[in-house]
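> Fold the following, please.
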Amino acid sequence: PVPRDTNVQYNGRDHSCTGATAKGSEIATATFNGSFNVPMSCEVGGSSTPATGSGTVTWKTKEGKTLKSSLSLTITGQMFNTAKVDGNVTDGAFLGGKIHGDFQVDLVKEGVNCAAQAFTGGLRQANYDGSFTINA
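Now for the predicted structure:
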């Protein structure tokens, strides 16, 4: 099918993380979530033009506190295969920091799932793997 504008959601799970600064060393886990509007089909994810979006990181400290960072993001790459995410922390913890992430999605598996769900509105979510860093 022809690509159409689609809202792509990257919804992460809580994972352990390592901080390289004094403030960062207080962090035990982080969850990344992002949202982008990009042209998608079952065979094509994204375009050669970077897409902008927004996101959040929810941090849990070693003492059990919860912190949040709001993000302004740009995504490049094929959203069904690999995606590079870059941006800035616009509010909350690590304000002014720069974010960079690399994410991978199983293109073959999710492409088949997308085609199978085409009559019910298409693929609603896909598992991904990857990592991100924030330099504050």
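
> Going along the chain, name the helices of the chain.
Under the criterion DSSP state H, helices of the chain are mapped to 107-116.

> Now do the strands in it.
Counting by DSSP state E, the chain has strands at residues 4-11, 15-16, 27-40, 51-61, 66-76, 82-92, 98-104, 129-135.

> Could you check the pLDDT of the nearest residue to residue 53 once chain neighbours are set aside?
Ranked by Cβ to Cβ, 6 or more residues apart in numbering and with sequence neighbours excluded, the top spatial neighbour of residue 53 is residue 36, at 3.5 Å. (Glycine included, C-beta is placed from N, CA and C.) With respect to pLDDT, residue 36 scores 83.

> What's the local residue count around residue 100?
Counted with other Cβ atoms under 10 Å, residues neighbouring residue 100 total 13.

> Can you tell me how far it is from residue 7?
Residue 100 is 22 Å from residue 7, where distance means Cβ to Cβ, to the nearest Å.

> Pull up the gap between residue 133 and residue 26, please.
Distance from residue 133 to residue 26, counting by Cβ to Cβ: 16 Å.

> try residue 36
30 Å.

> which of those two has more neighbours?
When residue 36 and residue 26 are compared for neighbours, residue 36 comes out ahead with 23 against 14, by other Cβ under 10 Å.

> So for residue 73, what's the pLDDT?
For residue 73, the model assigns a pLDDT of 93.

> count of neighbours near residue 37?
12.

> Contact partners for residue 37?
Shown in contact with residue 37 (Cβ atoms under 8 Å, 6 or more residues apart in numbering): 5, 6, 7, 8, 51, 53.

> Isn't the third one up against residue 51?
No: taking contacts as Cβ atoms under 8 Å, residue 7 lies outside contact range of residue 51: 10.6 Å.
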